[in-house]
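**Q** Next input, structure requested:
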Amino acid sequence: MPTRPFRFGVSMTATGSHEAWQAKARQAEELGYDVLHIPDHLGMSAPFPALVSAADATTTLRVGTLVLNSGFYRPALLARDIADTDQLTDGRLEVGLGAGCVGAEFHAAELAYPTAEERVDNLAHTVAELHRMFATPEQQPAVRQRPGPPLLLAGLGDRLLRLAAREADIVGFPIMARRTPPGLDPRQVLADRVDHVRSEAGARFGRLELNLFVSAVVLDDANSGPDALDLTAVHRTAPNLTRDQILRLPNVLAGTVEQIAETLNGYRDTYRVTYFSVLEAHMADFAKVITQLR
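**A** All right, here's what the predicted structure looks like:
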């Protein structure tokens, strides 16, 4: 199986003014990022307009959602937004979908909050309808005459990853802290989830791109060692984990630039994860790692 090249994304939650937003998009491109991501949460930026504006300000930067809450959309309306956004970004769009997991946001949107099983069922229905509409655009006025953009499905549960393995182009692994019981090596969780995707994908596995969402980049510029790293912010999101477990979370990259680059090379060799997405707050620090890997 040939080695897939690395790709790097940055997730931005707020646009600000037109000028400020486009300046951030250009900065991401200049720093070496391949994709600019927008999440889908109430109180944050509307994904599709922000992506069109970011693409308009850049040349090669791809744009994508990480991830849309499929429970907020009806497939035909979503297909229309995807088709026009893909067209207006000159085919640089990537569509990330998830099942949705924040009950308060469903309630704020005046939507019922389905069970976990129902949310995955809805995601599967949405994916099937998007595939159908983009496969037969002549029958779907909302869909332009262009193949659908790459599809990323993100999650950790067995059913969602089964769907991703069989239907997506990219499989995304989000924050893993809550799936890591005390005493278990957090990297074993990633290994288990990748093995599950491999088993469900069968012959498709070699064509899949695997994405890891990085929740924290703790850069040790002074080379002072792991004991000196400030993990306070990470610990708030995973209070049940020990310091050693936090340092071993695949979603936490801590150490010198060289050490983090070595870690990502290891993830590619061991787990076949080659696509890494970081938060805007870590964009500048992580760009130093990108330089090491290019």
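
**Q** where exactly do the helices run in the stretch 101-250 of the chain?
**A** With helices called from DSSP state H, counting those that start in this stretch, the stretch 101-250 of the chain shows them at 103-108, 116-135, 158-167, 186-201, 232-237, 243-248.

**Q** Identify, out of these, the most deeply packed stretch.
**A** Using mean count of other C-beta atoms under 10 Å, the stretch among the helices of the stretch 101-250 of the chain with the largest mean neighbour count is helix 158-167, at a mean of 19. C-betas here are computed from N, CA, C, even on glycine.

**Q** how far off helix 186-201 does that helix point, in degrees?
**A** Between helix 158-167 and helix 186-201, the angle comes out at 50 degrees (axes from the mean of the first three to the mean of the last three C-alpha atoms, to 10 degrees).

**Q** got the CA coordinates for helix 158-167 in PDB?
**A** Output of helix 158-167 as PDB, limited to C-alpha atoms (Å, rounded to 0.1, in the frame of the first residue of the first chain):
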ATOM      1  CA  ASP A 158     -19.000   1.400  15.800                       C
ATOM      2  CA  ARG A 159     -22.000   2.200  13.600                       C
ATOM      3  CA  LEU A 160     -20.800   5.600  12.500                       C
ATOM      4  CA  LEU A 161     -17.400   4.300  11.700                       C
ATOM      5  CA  ARG A 162     -18.900   1.400   9.800                       C
ATOM      6  CA  LEU A 163     -20.800   4.000   7.700                       C
ATOM      7  CA  ALA A 164     -17.700   6.000   7.200                       C
ATOM      8  CA  ALA A 165     -15.700   3.000   6.200                       C
ATOM      9  CA  ARG A 166     -18.200   2.000   3.500                       C
ATOM     10  CA  GLU A 167     -19.300   5.400   2.200                       C
END
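
**Q** now for that helix, which elements pack on it?
**A** Secondary-structure packing of helix 158-167 (3 or more C-beta pairs under 8 Å, 6 or more residues apart in numbering; DSSP states H and E): helix 116-135, strand 151-154, strand 170-173, helix 186-201.

**Q** which one of these lies closest to Gly32?
**A** Smallest distance to Gly32 across these (C-beta to C-beta): 19.4 Å, for strand 170-173.

**Q** sorry, back to before: what's the closest of the helices and strands packed on helix 158-167 to Gly91?
**A** Distance to Gly91, taken as C-beta to C-beta, is lowest for helix 116-135 among these, at 13.0 Å.

**Q** Run the chain-centre distance for that closest one.
**A** Relative to its parent chain, helix 116-135 has a centroid offset of 18 Å by C-alpha atoms, centre = their mean, to the nearest Å.

**Q** Now do it and helix 158-167, the angle between them.
**A** Using the same axes, to 10 degrees: helix 116-135 against helix 158-167 is 10 degrees.

**Q** Tell me which of the helices and strands packed on helix 158-167 sits nearest to His18.
**A** Nearest to His18, of those and by C-beta to C-beta, is strand 151-154 at 27.2 Å.

**Q** before we move on, back to that, any chance of CSV for the helices of the stretch 101-250 of the chain, columns distance to Phe276 and mean pLDDT?
**A** Listed next are those as CSV, based on distance: least, C-beta to C-beta, whole Å; pLDDT from 0 to 100:
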stretch, distance to Phe276, mean pLDDT
helix 103-108, 26, 94
helix 116-135, 23, 96
helix 158-167, 17, 98
helix 186-201, 13, 94
helix 232-237, 17, 68
helix 243-248, 17, 82
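
**Q** just to revisit the earlier point, mind checking the helices and strands packed on helix 158-167 for the one nearest to Phe213?
**A** strand 170-173 (6.5 Å).

**Q** Give the partner strands of that closest one in its sheet and their orientations.
**A** The strands that strand 170-173 pairs with in its sheet are strand 151-154 (parallel), strand 209-213 (parallel) (by DSSP bridges).

**Q** who wins for proximity to Gly9 among these?
**A** strand 209-213 (7.7 Å).

**Q** In TSV: the strands paired with strand 170-173, plus mean neighbour count.
**A** Formatted as TSV, the strands paired with strand 170-173 follow (neighbours: other C-beta atoms under 10 Å):
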stretch	mean neighbour count
strand 151-154	24
strand 209-213	23
